[in-house]
Structures are given as structure tokens and as C-alpha cells.
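In: this is the structure alone, sequence omitted:
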């Protein structure tokens, strides 16, 4: 019976090169798990580059390898010829085109890291894009596409009628970063409220080591600004796209997963292909392949996070991270060697000759000669009619030989059939007793040799009888001719013919008829023996051909095992761990070898099954299952060993690595999400094992100790896969400004935005900062205290601030004049919080009288600066506000000192 799998109806959409690579890896995961892409899963890549030559290898569950590629129907190539004119002639594009965005004459192969160009290509193909997305979703819902056909490998059932749609791409380049928001909003317009939409977005850090990537960080910051704006927006709005209006009622994604090259365990992945593989695994898991338990857990956390987890410093948290890794059991060279021995044993069995069995067959006996001619009787002619009748009688006698031969062969056909049936039964019995193919061939050769002797003897008998009949016919013919001559007149008209006796009489005709029948019967017996010999030869040849066919299959498999033994076990895939490792001493996994196992397996398959024209299926099933161990057995044997033994140490090390590489692949500054008074960070770990309800060795204390400290966050689900353990971690949600490198993205964005646009809409050039900026009063209060404590200074005509962010104190520029310096402080959350921490330490450490003296001096200096008519209005405005803030701070200090009452209470001494 074919297996049944329950999955979500899933649509995977890749944008740009990163999205396409992610979809290839997702497709590989489906093929490696199910042996095919389930009909419940659909793929679509939208890209400005028309390149579908990429492929990656996938190993099916049966061990065969397939090159995974996207179908031509799964790739939508969007181009824009005459792109430089589109913002002028296309009303929809002119409405949003940023004035500072770079233009290209044509967009035929990539968007050149310009986000606006990626969006322009999308709008240039608006109707095609919309119709393709609509048709893709409609096809994913079509029941007819998932009906089980007669040639189906498995039955696929949907968990629900709703769709799970995943959009993957990078926010650092041009195509993915320029199209992901529109694609999400179009999908929202097409999807129902019950459908799910997830984004998998690659951050720019993986690209920055490469040359020519100066735009990737500003692009990412611009994309995050826009995504944050749309994820926070709660009104209904619309915009034109391809002659229709896209109505937006919900945020772009139910969950936006951000993917970076460094995970929360400190693992760094420097190859962008690694991140594509991770995203492919994440999209694969989003479709619920681990079963309904996993799907329900995943959906529950999505609902919780969609409802909101509060705010971090006034900013809503919308973003999640995930990590995934799998542990696969591959016995490796040890199992390959064991399998190779078994295959070699099978080859030896097929070619070996042990002894020649005697075939116990009721071989054909030559029947006794007939006693009469049966119905073959001739009318006796008169003596004068003999000459005229003899030729016909002789011809009838010779014809009787052939007719008798044919009749006898027909009568004895059942004997041949019975002999063939008995022969087949005897061969099967001998094979089951342990005789080899060569033994059976030898037995058939012996039978054939004996038959050849009998055939020769019978043919000699038949020839003797035929010659005797021929002699008799020839003699009778001469006598008839002599009688005919004697009856003619002699010497003249008046002389009478001689009187003669008849040659043909009843006795003589019956004797010749019996001889003809006997010759036909003897010839039939010889022919029947020849037919039996032919069938024996044919059966021998079929046995030999079967032996050769089986030998070729085992030879090919043996060659494959040889490559397994001596070649690499698996390609380098960072999120897939393999046990047992090749370097583990084989003594830890030693298995006994039974040289009779191969013969027993072959005998168990039976001779008819082995001799079918395509025996690969039964051979595969019988010999593939003969492994040195399985994951459960290997782990069970390891965890019960003494500490420090190679196998147990390897298990502990492997699970530590599994725990580390499955950490969410992003990094953020814990300080911004660790305050219990703000927001909430959710963590979930899903552990997939064959059956969570049995005593799987993963639950042994030796392995569980690896997860100590966060084991309470684990949810275990059943996968039904005995050779794999999957660890899937989700962490959410944080605000965008908390990302580890968000400040770097912002700095690059701020440095370059005056000369270029990193947005896909002109109105979004002035979106609020990702970070929660302080108000002007807070910023000025910190500015005053930083000046008084010396954390902000003026040197060589530039304002500078001190920071220990790199481990030792260094001075960094704020600006050449006070408006720029103060603006830099007030528009940079990270700078503000960093300076606030350092200033607060110094402020609290100063004596009160020193604070007051410094404030008084600073107030006076600020007054003079504010009244300096030589300065610009902008500078005097900042100094005026500086004076006001310093005066207010001085007043607070003075009031605090004026009303202080010393606490000099002394308790009564007993």
C-alpha cells in the first residue's frame, strides 16, 4: 500500500537570485523527503535575470540521485526595454518614481542593486505579474491537481483548504529588495484572511565582503524602513498596479523572518548558498512536513506574534528569526563495506557450482509399436487394376507417415505440458533447498545430454523403420510393374496374355499400412523428444540469462558501494549533520558478517521473482534494508556506553553541534530587548523524532543534558522518519533597530542618501527612523550634561564625543558646528543611548557642589554664545536652547540642595 502524507497547500515564491536559490533548496528537501515534489506544493521565481541553468543534486529515499532544477513554467522573467522612458510615459510609475533613483536604458539582466529599478521592472510587467500570481494561487487551490493518479507514489492530503505562501529574497540588492513589498501586497489582495503569508528576507551582511556591494547596506536600511512602516500601518489604502487598484487591508506578512550570516550561537556562514539552503529548509518546514503537530505549534506562535508583543522603547516588534538543522543517519563506509560483502556473496552464489542435482522428472517414454494400422485400410484392386492403382496407394502410405506423426504429436502435447510444469516445480524446489543457478543449469545440461542420446536412438529406429517401408514399397512396385508387363499380348494379335497372380492382396496392404503407421509413430516419438530437448535448452538459457541479469545488477551495486566506501560520504551542507562520522573507530560499530545471508535473501525471494524481466525492485527492497544499524540502534548503543568512549563522545558532540547550528540565524543587541518592562521575546524549539511517544534514545539523559538550560522551551513532534532528527527553532519578535548591524546600515544610508535613492517610493524618503529617537528636550538635556562632564568636546574646530564601544576610549566626530553636532545626537538612537550611559556614570560620580559650579559656569557661557550676533541664526538657536536646558537643570540642583534635611535619626540603644 502506498504511503499517505499530510501537508499544507504551500506556494513558494522566490524573488531575484537569492530567492531562486532558496527555492531550489526547498525543492531538494521535498524530493529528499518524499522522493518527489508533492502536488500540494507550487513554485514560482520572479527575476530580472533569465537564468535557469542552476541545479543542485538531491538524493531520493531510495538512494538514487536527481539534479533538481526549476521548471520553465516556474520562472517568470520580467524585463523593461526602454526603462529610462517609463517614469515619463507610465502614469503609475511616475506617481512613485524617486527623483534621485538611477535609471538604466534597459532592464534585461538584473536591477544593478537599485531597488527602484527592481520595482520598475515589476510595474513594466504588471499585468503579467498579477495574472501569474493569481493563476499560481488558483492552481494551488485546484483539487484536480492533487488527485491521486494510478501511477502515484504516495497519497497527499491537505491539512486545510487554506494556503501557506512563502516569499523569499534578499533586501540588499535590486530585484528582491525592490519587489518584495509589492509582491506581498498583491498576494494579500489575492489571498483570503485565513491564508498565511510569510517573508524570508536575507540581510546584507553576507554580501558586504564582495566587491561592488556599496549599495547593499543602504538598500537594506531603506527596505527595513518601508517594511516597518507597512507592518505598523493599520489603515486601508490602495494604489494602482497594471490598470487595477491593489487594496491593502493587512500588513505585508504574518511573519517576517530576517536571515543573517551569524546565528545566535555565534556560528557564522560566509557562503550565501548556506543561507539559501537554510531558507529552503525554513520554507519546507513552514509547509508542515513534520506533521500536524508541528504545523499546529508553528501556527500558534504565528498567531501569538501577530497579535503583538508590546513595544520596545516605543517601537513595535515585527521581526522573527529561525534556525533549522537535521541529523541524518548514514552508516557510511562501515555499512558500505558490510553491504559490499553481502553483494559479493550474492555474486558468488549466482556463479558458484556446488553439486549437480538429479532432476526427478517422469521423462517421456517411447510407446510400444502399434499393433494395427487403425483406420488406415485400402481397397484391394483386381489384378488388372493394380498397375493403375499402385501409385495412389503408395502415395497414401507415405502420407500416412506424416498424418500419423502429426496426430501422435497432438495426442501427446499434454505430456510435454505436464513435464514442463513438473520441471518448473522441481527447479523451484531445488533452488529453495540451496542449489545455485549454476547447479540448476548443470542439472538441465545433464538432462539435455541424456535426451540427446535417446533422440539419436529413436531417430535411428525411425530411420530403420522408414527404410524398411521404403524397401517394401519399392519391391511391391516392381512386382506390380512385372505383372502389368506379363498381362500384355505377346508376338501377335492372335496370341493371348499370360495368366498372372495378383501382387496386392489384403494381407500385404494391411502389413504396409501398419508399417506406415509405425514409421509415423516412431517419427513422432523422436520429434517429441526433440521438442522436450528444445524446452530444456530454452529453460537452461533463461536460467543463464537470469543469472547474468542478476549478476550485472549486483556488479553495478557493488561498484556503487565501492564509490561509497572510497568517495566522500556527502556534500558539504552546514545544516545537515551525519552520523556515524567516517573517522569514528570501526570497532565501535563492528557488525558480524554472515556469508550465508546473501544466499538466504535470494532464496527467500524465490526463483520466479528473481527471473522476472525487471528484478531490480525486489532486489532493491531485499538488499537495501540490510544495513549495519539504524539511527535508533546507533544512538541507543552510544548513550549507554561509559563516558569518554568514542561513540558516546561523538553523540554528545554531534548534538551540541546540532543545537548550535540550529540557533536562529540572525543576531541582535540583547540590551534593546532584555528590559522586562518593554515588549516580549518569544522562543520556541521544535524537536522532530520518529515517534515522540516512544522511548526514543533522544530522550535519554545523556542527550537531554546537551540541551540543559532551555529544554523547557522544547516541543517534540513525531515525523515518522526513523533515520532523521530535526531541530527547528523560532525566535520572535524584535524591533528592526535591535538588529546587530542596524546602526551600520543606518550610517551607510545616511552617508549616501543625499546622492542616491534607496527607496521604492518618493514619499518614503522621509519615513520615521527605525530607532525610537529622543525628543528635543531629552536630547538637549543629555547634550548639556555631556558637555559638562566632558563626554562631548570641541577640538580642532570639530565637535567630538568619547565612546568605549571598541573596548577602549576613542573620540568620534559629531560635526563641524553645533547644529550638525546636536542634530547627530538627536537623530541617532544608538548614539544617544550610548552617550546617555557614559554620561550618567560620570554625572552621578560628581559631588553636588561640583555639579552646581559647572552648571553655573556653563549657563553663563551658553548665554554669551546665544547672544553672539556674529554666529548664524541656527547656531544661536541651539545655544539658546542649550542655555534654557542648563538653567532648568541648575534650578533643579539648587532646589534639591535648598530643601535637603539631613537624616540623622539614631535609634534607642537597649
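Out: On my side now, so go ahead. Because the structure is predicted, anything quoted here is derived from the model rather than measured.
In: contacts for stretch 690-708, please.
Out: With C-beta atoms under 8 Å, 6 or more residues apart in numbering as the test, stretch 690-708 has contacts from 293, 632, 635-636, 638-639, 648, 651-652, 655-656, 659, 687, 689, 711, 714, 716-722, 725. No exception for glycine: its C-beta is placed from N, CA and C like everyone else's.
In: show the buried residues in those residues.
Out: The neighbour count (16 or more other C-beta atoms under 10 Å) marks 293, 632, 635, 638-639, 648, 651-652, 655, 659, 687, 689, 716-719, 721, 725 as buried among the contacts of stretch 690-708.
In: backbone dihedrals for the nearest residue to residue 268 once chain neighbours are set aside, please?
Out: Take residue 268 and drop its neighbours on the chain: the residue closest to it by C-beta to C-beta, 6 or more residues apart in numbering is residue 262, 4.8 Å away. Residue 262 adopts backbone torsions of phi -120, psi 130, taken as degrees, to the nearest 10.
In: contacting residues for residue 262?
Out: 205, 268, 269, 665, 666, 667, 740.
In: scan those residues and report the most crowded one.
Out: Taking other C-beta atoms under 10 Å as the neighbour criterion, residue 665 ranks highest of those with 32 neighbours.
In: hang on, the earlier thing: look up how far residue 270 lies from the residue nearest to residue 268.
Out: Distance, residue 262 to residue 270, by C-beta to C-beta, to the nearest Å: 10 Å.
In: common neighbours of the two, please.
Out: With C-beta under 8 Å, 6+ apart as the test, residue 262 and residue 270 reach no residue in common.
In: can you tell me the SS state at residue 614?
Out: Of the three states, residue 614 takes coil under DSSP: H, G, I helix; E, B strand; the rest coil.
In: pLDDT score assigned to it?
Out: Per-residue pLDDT puts residue 614 at 84.
In: contact partners of stretch 31-38?
Out: 5, 7, 27, 30, 43, 58-62, 66, 68, 153-154, 156, 284, 289, 721.
In: what's the span of it from first residue to last?
Out: Start-to-end span of stretch 31-38 (C-alpha to C-alpha, to the nearest Å) is 8 Å.
In: flag every buried residue along it.
Out: Buried positions in stretch 31-38, judged by neighbour count with 16+ other C-beta under 10 Å: 31, 32, 33, 34, 35, 37, 38.
In: equivalent analysis for stretch 355-368, please.
Out: Those would be 356, 357, 359, 364, 366, for stretch 355-368 by 16+ other C-beta under 10 Å.
In: which of the residues you listed sits closest to residue 733?
Out: Nearest to residue 733, judged by C-beta to C-beta, of the buried residues of stretch 355-368 is residue 357 at 76.3 Å.
In: which SS state does that closest one fall under?
Out: At residue 357 the chain is in coil, as set by three-state DSSP.
In: could you number the chain from 288 rather than 1 from now on?
Out: Let's use 288 as the start, then, which means that last one is residue 644.
In: for it, what are its contacts?
Out: For residue 644, the contacting residues are 717, 722, 726, 727, 730, by C-beta under 8 Å, 6+ apart.
In: turn these into TSV, columns for secondary structure.
Out: Shown next, in TSV, are the contacts of residue 644 (three-state DSSP):
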residue	secondary structure
717	helix
722	coil
726	helix
727	helix
730	helix
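In: closest one of those to residue 341?
Out: Nearest to residue 341 among these, with distances taken as C-beta to C-beta, is residue 727, at 52.2 Å.
In: pretty sure the closest one contacts residue 719?
Out: No: Residue 727 sits out of contact with residue 719 when judged by C-beta atoms under 8 Å, with a separation of 11.4 Å.
In: between those two, which is the more surrounded one?
Out: Neighbours were counted for residue 727 and for residue 719 using other C-beta under 10 Å; residue 727 has more, 24 against 12.
In: quick check: the gap between the more buried one and residue 645.
Out: 12 Å.
In: re the thing from before, widest-spaced pair of the contacts of residue 549?
Out: Spatially, the most separated pair among the contacts of residue 549 is 556 and 1027, at 14.6 Å (C-beta to C-beta).
In: where does the stretch 538-687 of the chain dip in pLDDT?
Out: Across the stretch 538-687 of the chain, the ranges flagged by pLDDT under 70 are 592-596, 618-625, 649-651.
In: all helices for it, in order.
Out: Secondary structure of the stretch 538-687 of the chain by DSSP state H, counting those that start in this stretch: the helices cover 559-573, 579-593, 619-638, 673-698.
In: from the middle of its chain, how far away would the last one be?
Out: Chain-centre distance of helix 673-698: 77 Å, with C-alpha atoms, centre = their mean, to the nearest Å.
In: cool, stretch 1072-1090 as well?
Out: 58 Å.
In: pLDDT on stretch 1069-1084, on average?
Out: Stretch 1069-1084 comes out at a mean pLDDT of 91.
In: now do that stretch: distance to the chain's middle.
Out: In this view, stretch 1069-1084 has its centroid 59 Å away from the chain centroid, taken as C-alpha atoms, centre = their mean.
In: how long is it end to end?
Out: One end of stretch 1069-1084 to the other measures 21 Å (C-alpha to C-alpha).
In: hmm, who's touching the helix or strand containing residue 1151?
Out: Using DSSP states H and E, residue 1151 sits in helix 1135-1153. Residues from elsewhere that reach helix 1135-1153 (C-beta under 8 Å, 6+ apart): 1071, 1074-1075, 1130, 1133, 1158, 1162-1163, 1166-1167, 1169-1170, 1173-1174, 1176-1177, 1180-1181, 1183-1184.
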